[in-house]
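> for reference, the sequence and a predicted model appear below.
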Amino acid sequence: MSPFVRPGQRMQLIFEAIYAPFVQETSVSFETVPPSLETMAERIAGNLASHGYFVAQSDAGILGFAYASPYRPRPAYDRTAEVSVYLAPEGQGRGLAQALYRMLFAHLAARGFHTAVAIVTLPNPQSAQLQERCGFAHVGSLQDVGCKFGQWHGTAIYQRMIGQADLQNALRRLEASDTAALAQVLTLIQTSFAYMTGRIDPPSSMHQLTVSKLAQMAKDSWLLALGDPVTACLVAKPLPHALYLGKIAIVSDLRGRGVLRALMGASETLAQSMSLSRLELQVRIELGGEPTDIWQIWICRDSPQCPSGL
């Protein structure tokens with residue numbers, strides 16, 4: 001069976017097969033004593049809840065893992081994550097580190113992170129090459145900041161911006177059987193459009209949705225979802241002349257961070273694969289608000305007639 005990557009929870013295998021030898025035998029990790037199983041369990045649970053933890057495994061066992069953690073504790077750093085990847089000897093040379101990073105970056109993008117930072121112990125040319133292959137840039141070095149096994153080591157600092165490609169990698173098509181994710185989509189849509197209750201006539205169809213209706217949409221159309229748990233969604237339905245887009249919703253924390261652009265980019269790619277040259281959507285405009293309230297809902301692309309500021 002080929003290796004596969006999934007969210008990591010098998011703490012004891014991760015610890016015994018991979019991380020403990022790095023601590024005991026190398027300077028790759030600056031820990032000098034392997035943490036206890038209880039400590040590892042707390043770390044993994046914390047990373048899963050806040051940033052992400054992924055493992056690569058095959059029938060033979062755990063081959064590697066990657067995770068993200070807070071870069072610095074002060075609030076201004078909240079959208080920057082420090083990332084790390086570790087591979088077992090038998091997992092090296094198989095492209096697993098890049099696959100783990102790809103999954104991790106997509107997960108971070110879906111959670112609204114902006115920057116990834118990797119710290120590499122020097123010398124470590126293999127790790128340096130990996131960072132560069134994965135889009136990191138070397139932005140600086142520190143000399144003699146860690147002493148292990150009686151030797152001083154410096155560190156290299158690598159930085160990578162989390163962008164549109166990572167957001168699109170985080171998008172997935174939901175199936176009718178994905179009931180847990182469909183329930184998250186339903187909650188997201190209902191929450192996003194709750195303000196419309198009692199304000200428009202006829203009422204919005206958003207409030208008539210059920211998980212069963214979303215499951216039928218997943219069968220008849222493309223129901224795209226971002227992240228796990230779901231933080232954004234869109235339904236794309238092929239028509240004879242265009243790809244119709246509806247049920248677009250984004251959690252409030254991710255608005256203004258390029259998520260809508262990623263959804264539109266994925267929709268455009270999907271339309272092209274169906275030989276459709278247009279995207280189509282319908283928007284309700286409330287004329288009672290300020291003009292800026294109206295302009296903010298338009299999606300403009302390379303248009304000289306676009307109002308100033310859009």
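Alright, I've got the coordinates.
> switch to C-alpha atoms for all contacts and neighbour counts from now on
Will do.
> what ranges in the stretch 151-300 of the chain fall below the confidence cut-off?
When the per-residue scores of the stretch 151-300 of the chain are filtered using pLDDT under 70, the ranges that remain are 198-204, 284-300.
> tell me where the protein has helices.
The residue ranges that make up the helices of the chain, judged by DSSP state H, are 11-14, 20-25, 37-50, 96-110, 125-133, 164-170, 179-192, 211-220, 259-273, 291-295.
> so which of these is the most surrounded?
helix 96-110 (a mean of 24; mean count of other CA atoms under 10 Å).
> please identify the buried residues of stretch 30-38?
residue 34 (16 or more other CA atoms under 10 Å).
> that one: end-to-end distance?
Criterion CA to CA, to the nearest Å; first-to-last residue distance in stretch 30-38 is 19 Å.
> before we move on, back to that, nearest to residue 145, out of the helices of the chain?
Nearest of those to residue 145, taken as CA to CA: helix 20-25 at 16.9 Å.
> just checking, what packs against that closest one?
Under the contact criterion of 3 or more CA pairs under 8 Å, 6 or more residues apart in numbering; DSSP states H and E, the helices and strands touching helix 20-25 comprise an empty set.
> so what touches it?
With CA atoms under 8 Å, 6 or more residues apart in numbering as the test, helix 20-25 has contacts from 28-34.
> if we use 6 Å, what do you get?
Surrounding helix 20-25, the residues in contact under the criterion CA atoms under 6 Å, 6 or more residues apart in numbering are 29, 31, 34.
> stretch 163-171 too?
105-106, 109, 225-227, 262.
> with stretch 28-38 instead?
Applying CA under 6 Å, 6+ apart, the external contacts of stretch 28-38 come out as 20, 23, 121.
> mind doing that once more with 7 Å?
The list of residues contacting stretch 28-38 from outside it, by CA atoms under 7 Å, 6 or more residues apart in numbering, reads 12, 20, 22-24, 121, 146.
> also stretch 61-77?
Stretch 61-77 is contacted by residues 13-14, 47, 51-57, 80-88, 90-91, 100-101, 104 when judged by CA under 7 Å, 6+ apart.
> got the end-to-end distance for it?
Termini of stretch 61-77 sit 35 Å apart (CA to CA).
> and for stretch 153-171?
The first and final residues of stretch 153-171 sit 40 Å from each other (CA to CA).
> equivalent analysis for stretch 263-281, please.
The first residue of stretch 263-281 is 13 Å away from its last residue (CA to CA).
> who touches stretch 147-157?
Residues from elsewhere that reach stretch 147-157, judged by CA under 7 Å, 6+ apart: 27, 118-122, 138-146.
> kindly write the PyMOL command that selects the buried subset of these.
Of the contacts of stretch 147-157, the buried ones can be selected in PyMOL as follows, counting by 16+ other CA under 10 Å:
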select buried, resi 27+118+119+120+121+122+138+146
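> quick check: the two most widely separated of the contacts of stretch 147-157?
27 and 139 (21.3 Å).
> could you flag which of the contacts of stretch 61-77 are buried?
Among those, those that count as buried by neighbour count (16+ other CA under 10 Å) are 14, 47, 51-57, 80-88, 91, 100-101, 104.
> need the contact list for the residue lying closest to residue 153 once chain neighbours are set aside.
The spatially closest residue to residue 153, leaving aside those adjacent along the chain, is residue 144, at 4.8 Å (CA to CA, 6 or more residues apart in numbering). Residues near residue 144 by CA under 7 Å, 6+ apart: 152-154.
> what of residue 190?
Taking CA under 7 Å, 6+ apart as the test, what residue 190 contacts is 206-207.
> sorry, back to before: what about the contacts of stretch 61-77, which are in strands?
Among those, DSSP state E puts 53-57, 80-87 in strands.
> that'll do, ta.
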